[in-house]
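> Give me a model of this one.
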Amino acid sequence: MHASHRQPGPPDRPEDTGPPALPEFAERVLDVADRIPPGRVMTYGDVAEWLEEGGPRQVGRVMSLYGGAVPWWRVVRADGVLLAGHELRALERYRAEGTPLREAARTAEGHVPRIDMRRARWDGEM
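Numbering: from 1, shown residues only. As a prediction, this is how the structure comes out:
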């Protein structure tokens with residue numbers, strides 16, 4: 001058979017290049033999360049504002065997909081409510097790091113404290 005009429009064979013095996021690269025925005029969000037000192041927090045909106053890109057929802061999406069590699073408990077909701085479904089894990093870390101908390105009201109479901117945002121919020125300055 002003429003070379004131009006050969007049937008295609010199996011594709012060449014691609015070289016193992018490791019895990020796929022993170023999107024640039026995700027890398028930047030994770031870098032900010034990694035810089036937040038123990039005992040301090042930033043809101044999703046704070047991170048977006050600090051990066052001058054995206055918004056709270058985009059930051060939240062990055063944290064939900066890739067945040068396990070960084071101190072995810074330090075990126076929080078603006079109202080200080082702990083991340084649903086991860087409250088006890090986060091609370092354990094907040095207490096270990098000395099993050100300022102506001103004790104829950106007796107009427108609050110589960111009596112889970114909130115983060116004291118006035119005292120715990122970090123502005124990104126070293």
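> How about the contacts made by residue 113?
82, 91, 101-104 (C-beta atoms under 8 Å, 6 or more residues apart in numbering). In short, each C-beta sits where N, CA and C put it, glycine included.
> let me redo that: residue 122
36-37, 40-42, 46.
> What score does residue 26 have for pLDDT?
With respect to pLDDT, residue 26 scores 96.
> and it, how far is that from residue 51?
Relative to residue 51, residue 26 is positioned 11 Å away (criterion: C-beta to C-beta, to the nearest Å).
> Buried ones among the contacts of residue 113?
Those of the contacts of residue 113 that meet the buried threshold are 82, 91, 101, by 16 or more other C-beta atoms under 10 Å.
> Any idea what the last one is bridged to?
Read that as residue 101. Using DSSP bridges, the bridge partners assigned to residue 101 are residue 115.
> Please name the residues that touch it.
With contact set as C-beta under 8 Å, 6+ apart, residue 101 has these partners: 91, 94-95, 113-116.
> Okay, it and residue 21: tell me how far apart.
Taken as C-beta to C-beta, the span from residue 101 to residue 21 is 37 Å.
> Quick check: which of the buried ones among the contacts of residue 113 has the minimum pLDDT.
Lowest pLDDT of the buried ones among the contacts of residue 113: residue 82, 91.
> name the element the spatially most central residue of the chain belongs to?
Of all residues in the chain, the one closest to the mean position by C-alpha atoms, centre = their mean is residue 63, 2.8 Å from it. Assessed by DSSP states H and E, residue 63 sits inside helix 56-66.
> which element follows that helix toward the C-terminus?
Trace forward from helix 56-66 with DSSP H and E and the next one is strand 75-76.
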